[in-house]
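[1] missing the sequence, but the structure's below:
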């Protein structure tokens, strides 16, 4: 089954404790992206990657890092999480006919 | 001004009604237009994908793009309670970079 998977699905952490959210796709897509979704603000792009070892900032990259060492994986790293990063995070991978989203990771930073 | 504007709703309709969901966008360079459906606690799923102006029909769903007025519409015929979800319009800038509207909450009452 073609899919995008994310882990963990739910995470509660404290300010400053480094965390990584994993994302994996099995559709052989070159393009992958991370979004955050907040009430009233919709989906906003954090980082994206056009291919292995190629990443670029989206609209809200501050406080986040990514890496793309393999085509299928695109982890999101929060080196020092803060409460304003409490949000619902989605990973997506894309083709020329649209993007396919993972199930989401709900992150709470206390 | 946001690049893509969308009324957040909620929009409540009786079962069987025709639903009209709309977005406006500001950048005339947008060429690709998409509608995503997002159920509660799920990731967005691609519903319709259109290029440039015109209509595209898929079952009970019709997507319409009017580039002259920068207006995007999604029509749902014979709406069902299972159509209750948040509908997100999106446009593509380049290289799969999507710009989303904030989403419209639709409730179809049986």
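    Cool, got the structure. None of these values were measured; they are calculated from a predicted model. Numbering: from 1, shown residues only, chains lettered A, B, ... in the order given.

[2] Could you use CA atoms for every contact and neighbour count after this?
    OK.

[3] measure stretch B:33-46 end to end?
    11 Å (CA to CA, to the nearest Å).

[4] buried set for it?
    If you call a residue buried by 16 or more other CA atoms under 10 Å in any protein chain shown, then stretch B:33-46 has these buried ones: B:33-38, B:43-46.

[5] Quick check: residues of chain A near chain B?
    Within chain A, the positions near chain B by CA under 8 Å from any CA of the partner chain are A:31, A:40-44, A:50, A:90, A:94-104.

[6] Going by proximity to chain B, name the top residue of chain A.
    residue A:42 (4.0 Å; CA to the nearest CA).

[7] Could you measure from that residue over to residue B:13?
    Taken as CA to CA, the span from residue A:42 to residue B:13 is 23 Å.

[8] hey, which helix or strand in chain B has the poorest pLDDT?
    Least confident helix or strand of chain B, by mean pLDDT, DSSP states H and E, is strand B:98-100 with a mean of 86.

[9] what about that one and chain A, any contact?
    Yes. Using CA under 8 Å from any CA, strand B:98-100 reaches chain A at B:99-100.

[10] so, in contact with chain A or not, the following helix or strand past that strand?
    Later in the chain than strand B:98-100, the nearest helix or strand by DSSP states H and E is strand B:104-109. No. Using CA under 8 Å from any CA, strand B:104-109 never reaches chain A; the gap is at least 10.0 Å.

[11] Which strands or helices does strand B:104-109 pack on?
    strand B:11-14, strand B:85-92 (3 or more CA pairs under 8 Å, 6 or more residues apart in numbering or on different chains; DSSP states H and E).

[12] Without its sequence neighbours, what residue ends up closest to the most centrally placed residue in chain A?
    Geometric centre of chain A, nearest residue: residue A:34, 3.3 Å, by CA atoms, centre = their mean. What sits nearest to residue A:34 in space, not counting adjacent residues and going by CA to CA, 6 or more residues apart in numbering or on different chains, is residue A:91, at 4.5 Å.

[13] still on that earlier bit, could you give the number of residues near the residue of chain A closest to chain B?
    Residue neighbour count, defined by other CA atoms under 10 Å in any protein chain shown, stands at 18 for residue A:42.

[14] Give me the distance between the closest residue to it other than its chain neighbours and residue B:7.
    Ranked by CA to CA, 6+ apart and with sequence neighbours excluded, the top spatial neighbour of residue A:42 is residue B:102, at 4.0 Å. Between residue B:102 and residue B:7 the computed distance is 8 Å (CA to CA).

[15] Okay, and the beta partners of residue 12?
    I went with chain A, as the question did not name one. Counting by DSSP bridges, residue A:12 is bridged to residue A:108.

[16] that's the other chain; I wanted chain B
    Beta-bridge pairing for residue B:12 (DSSP bridges): residue B:107.
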